[in-house]
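S.K.: coords please:
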Amino acid sequence: MGNIQDIRITSKPPSGAETSVLLGFPGTGLVGSIALQYMVEQLDFKLIGTMTSKYFPPVVMIARGVISVPVRLYEKGDILAIVADVPIHPMICYEIANGIMDWLTQLSIREVVIIGGIITNEPEKRVFGVATTEEILKRIENLAVILPMGSISGIAGSILTECKVREIPAIGLLGETTNTPDPRSAAAAIEVLKQMYDIKIEVEPLMEQAVEIETAMQKLAEQVHETETSPKKEHLPMYG
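M.R.: Residues are numbered from 1 along each chain as shown. Alright, predicted model coming up:
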């Protein structure tokens, strides 16, 4: 149990000897949170802890009548997954990133991987990769498109910064997306994780869900378009 800078993590220690930590927070396209929530459900990860904070919005998610803590810690084998339902306001990203990293540094960490989204004008659903060092970048150079330049904002940027400062190997996987919930981009990120950790998971059910979500979003977009007098231009890139 940790209580660091108004961030409370109530968790059993992960049982793996050397843990790979995957993080998914709501951000661009909800890529990270969709990908990791799907993964923990499909692979029967075990819930081992929760994270609460005075910094989080006063919101709780409910599934079939049961309350779910907004940030949850799951594990399977030597993988620890931290999955969030709540977006982290830019003003408190530093505190949240520090609270998480202060807790993680008490463990034996192999690497940290944060999954996020990147807005592009392409429909391809590529996954872009960044890392804290050239050495760790080699781990994904054949699995993702290495991002040559740019910036990463939000909690993903804060986590990667803290890992860099603390010399903890870290990777950012950024799924190509628009700024609407994007299961296809989440599925593309899962394909990279499958190869990194040699895990067996089918993304077809998520892709089937993608059609439903995208159809609903298309209808919504059409309704919005009818009420708008001028279309908004998409801005490129601050990623998170």
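S.K.: C-alpha only now, for contacts and for neighbours.
M.R.: OK.
S.K.: which residues in the chain form helices?
M.R.: With DSSP state H as the definition, the chain shows helices at residue ranges 31-42, 93-104, 134-137, 154-166, 183-197, 204-227.
S.K.: Show me what the third one is packed against.
M.R.: Okay, so that is helix 134-137. Secondary-structure packing of helix 134-137 (3 or more CA pairs under 8 Å, 6 or more residues apart in numbering; DSSP states H and E): strand 127-131, strand 170-177.
S.K.: what would the helices of the chain look like in a markdown table with mean pLDDT and distance to residue 80?
M.R.: Formatted as a markdown table, these follow (pLDDT from 0 to 100; distance: least, CA to CA, whole Å):
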| stretch | mean pLDDT | distance to residue 80 |
| --- | --- | --- |
| helix 31-42 | 93 | 10 |
| helix 93-104 | 93 | 10 |
| helix 134-137 | 95 | 19 |
| helix 154-166 | 96 | 15 |
| helix 183-197 | 94 | 12 |
| helix 204-227 | 72 | 21 |
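S.K.: so which of these gets nearest residue 10?
M.R.: Evaluated with CA to CA, the helices of the chain place helix 93-104 nearest to residue 10, the distance being 10.3 Å.
S.K.: For residue 127, find the nearest of the helices of the chain.
M.R.: That would be helix 183-197 among the helices of the chain, by CA to CA, at 6.2 Å.
S.K.: I'd assumed residue 47 was in contact with residue 11.
M.R.: No: if you go by CA atoms under 8 Å, residue 11 and residue 47 don't touch, sitting 9.0 Å apart.
S.K.: partner strands of the longest strand along the chain, parallel or antiparallel?
M.R.: Criterion DSSP state E: the longest strand present in the chain is strand 109-119. Applying DSSP bridges to the sheet, strand 109-119 is found paired with strand 19-24 (parallel), strand 170-177 (parallel).
S.K.: What angle do helix 31-42 and it make with each other?
M.R.: Strand 109-119 and helix 31-42 are oriented at 120 degrees to each other (axes from the mean of the first three to the mean of the last three CA atoms, to 10 degrees).
S.K.: Excluding its own residues, what touches strand 109-119? List them.
M.R.: 18-32, 156, 159-160, 163, 168-179, 185, 189, 236-240 (CA atoms under 8 Å, 6 or more residues apart in numbering).
S.K.: Kindly recompute the last result at 7 Å.
M.R.: Identification of contacts with strand 109-119 by CA atoms under 7 Å, 6 or more residues apart in numbering yields 18-24, 27-29, 31-32, 156, 168-179, 236-237, 239-240.
S.K.: then it to PDB, C-alphas only?
M.R.: Extracted C-alpha coordinates of strand 109-119, given in PDB (Å, rounded to 0.1, in the frame of the first residue of the first chain):
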ATOM      1  CA  ILE A 109      10.700  -3.400 -13.000                       C
ATOM      2  CA  ARG A 110      11.900  -4.800 -16.400                       C
ATOM      3  CA  GLU A 111      10.300  -2.000 -18.400                       C
ATOM      4  CA  VAL A 112       7.400   0.400 -18.600                       C
ATOM      5  CA  VAL A 113       5.100   0.500 -21.700                       C
ATOM      6  CA  ILE A 114       2.500   3.200 -22.000                       C
ATOM      7  CA  ILE A 115      -0.100   2.900 -24.800                       C
ATOM      8  CA  GLY A 116      -1.600   6.100 -26.200                       C
ATOM      9  CA  GLY A 117      -2.900   7.600 -29.400                       C
ATOM     10  CA  ILE A 118      -1.500   9.900 -32.100                       C
ATOM     11  CA  ILE A 119      -3.700  12.000 -34.400                       C
END
